[in-house]
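>>> Give me a 3D structure for the following:
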Amino acid sequence: MFLALKEIRDTKLKYGLLTGIILLIALVVFMLSGLAAGLSDGHKKAISDWDATGMVLNASANKIVNASSLAAKDLTKVSADKVAAVGFYAGSLVKDETSATKDNVSVFGADSTAFVTPKVTTGKNFQENYQITIAKNLATAEDLKVGDIVKIGNLAADLTVTGIFPTTTYSVEPVVYTNLATYQALKYGALPASDDEVTVNAFVFQADDWSKVLVTQSKEQTLEKISNQTFIENLPGYTAEKITLNLMIYVLIFIAAAVVGIFIYVLTLQKKSLFGVLKAQGVPMGTMGRAIVFQGFLLSAVATILALFLTAALSLAFPSSMPFSLDWGTWLFSGSLLVMVATFAGLCSLPMIYKIDAVTAIGG
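This is a model prediction of the structure:
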């Protein structure tokens, strides 16, 4: 440790540059981790808010909710502790006809008393057709309040905001809730003539025991029971984004390890005579090896910690529309992995130190 610290102190510029490079790489790693967590949360937060066990889709939909179509009246075919019929619709919301901006929103159709329907913090829940409740992030972005009139999609009818619930997103878009009849009108252009004509995308359920959730099949269609996690993994773009960003993170960690390993190897080449003198003086190989490894650990640890706090500070300046989450658990894992591989990268120089001949190295 003494040798490692003395050398760092004597060559501050070289080791400072290496620390700066590792810091920048770690900063990108943490940025990508935060972005990956934000995108992941943005895709599924509304689903996670349900605290559901799973859902039932049409088997022919291949586990993709938007491809599933079910008759709402078939809700009785699912036996669980709690069951709710839910429709999914994506559209654009405008505050008024003169507005030049539109917000993409995810609309969920459900009964106002269903367990999936969020509790409002301002106003009251929807009770009649053409009434909606909106997420706080949408209300903030469009300066909407209870009683405002909006339009969604191609629906000619005005929609009245009756309540605002906590911030949430689905497919990285703010969420709107309404009743099943209004959802039907949004999706198909007209209110259903009767409840028997309402179609939805899924039956969402809660159950303490997965095996006790019973689904009664019919001749018209085959129903499929899937878990919440399976549903989330089949969301469009979710898995692809997650794999891509994680791959980029691990490649960056590998690059950091390579940079540390190459840097220390080059320094070792430049210090062959020094190591020769140390060997001639009887300094054990273990002492020199530990000094090399400790240098890699110290520099990567300092750089990673600085990058961690710098990322957290920068996140305060990010716009609210940016899908970024302070995922401390993932950051600690990525940071620890970065320090570990950078530390062991220094081991690449040990064989060269072992082969140094003291007499040759000092010019004898």
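>>> Could you use CA atoms for every contact and neighbour count after this?
Fine.
>>> Helices of this protein, residue ranges please.
Taking DSSP state H as the criterion, the chain carries its helices at 2-10, 12-50, 136-142, 180-188, 228-233, 238-270, 272-280, 285-315, 328-345, 350-355, 358-361.
>>> Go through those and name the closest to Asp196.
Nearest of these to Asp196, taken as C-alpha to C-alpha: helix 180-188 at 10.9 Å.
>>> could you say what helices and strands the closest one packs with?
strand 82-94, strand 103-109 (3 or more C-alpha pairs under 8 Å, 6 or more residues apart in numbering; DSSP states H and E).
>>> okay, these in JSON lines with distance to Ala257, mean neighbour count and mean pLDDT next?
JSON lines is the format used below for the helices and strands packed on helix 180-188 (distance: least, C-alpha to C-alpha, whole Å; neighbours: other C-alpha atoms under 10 Å; pLDDT from 0 to 100):
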{"stretch": "strand 82-94", "distance to Ala257": "44", "mean neighbour count": "20", "mean pLDDT": "94"}
{"stretch": "strand 103-109", "distance to Ala257": "42", "mean neighbour count": "22", "mean pLDDT": "94"}
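>>> Distance to Phe115 added to the ones you listed, as JSON lines?
Output for the helices and strands packed on helix 180-188, formatted as JSON lines (distance: least, C-alpha to C-alpha, whole Å):
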{"stretch": "strand 82-94", "distance to Phe115": "7"}
{"stretch": "strand 103-109", "distance to Phe115": "12"}
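>>> Can you tell me which of these is nearest to Thr343?
For these, the distance to Thr343 is smallest for strand 103-109, at 46.4 Å, taking C-alpha to C-alpha.
>>> contacting residues for the residue nearest to Val65 when sequence neighbours are not counted?
Leaving out its chain neighbours, the residue that sits closest to Val65 by C-alpha to C-alpha, 6 or more residues apart in numbering is Asn201, at 6.0 Å. Contact partners of Asn201, counting by C-alpha atoms under 8 Å, 6 or more residues apart in numbering, are 57, 65-70, 85-88.
>>> thinking again about what came up before, among the helices of the chain, show me which one is buried the most.
Most buried of the helices of the chain, by mean neighbour count (mean count of other C-alpha atoms under 10 Å): helix 180-188, with a mean of 22.
>>> contact partners of that helix?
Contacts with helix 180-188, where a contact means C-alpha under 8 Å, 6+ apart, come from 86-87, 89, 107-111, 129-131, 152-155, 190-192, 195, 198-199.
>>> now stretch 89-103
104-108, 142, 144, 148-153, 183, 186-187.
>>> Now with 7 Å, please.
When contacts are defined by C-alpha atoms under 7 Å, 6 or more residues apart in numbering, stretch 89-103 is touched by residues 104-108, 149-153, 187.
>>> repeat for stretch 118-136
Contacts of stretch 118-136 (C-alpha under 7 Å, 6+ apart): 112, 146, 158-168, 174-179, 181-182.
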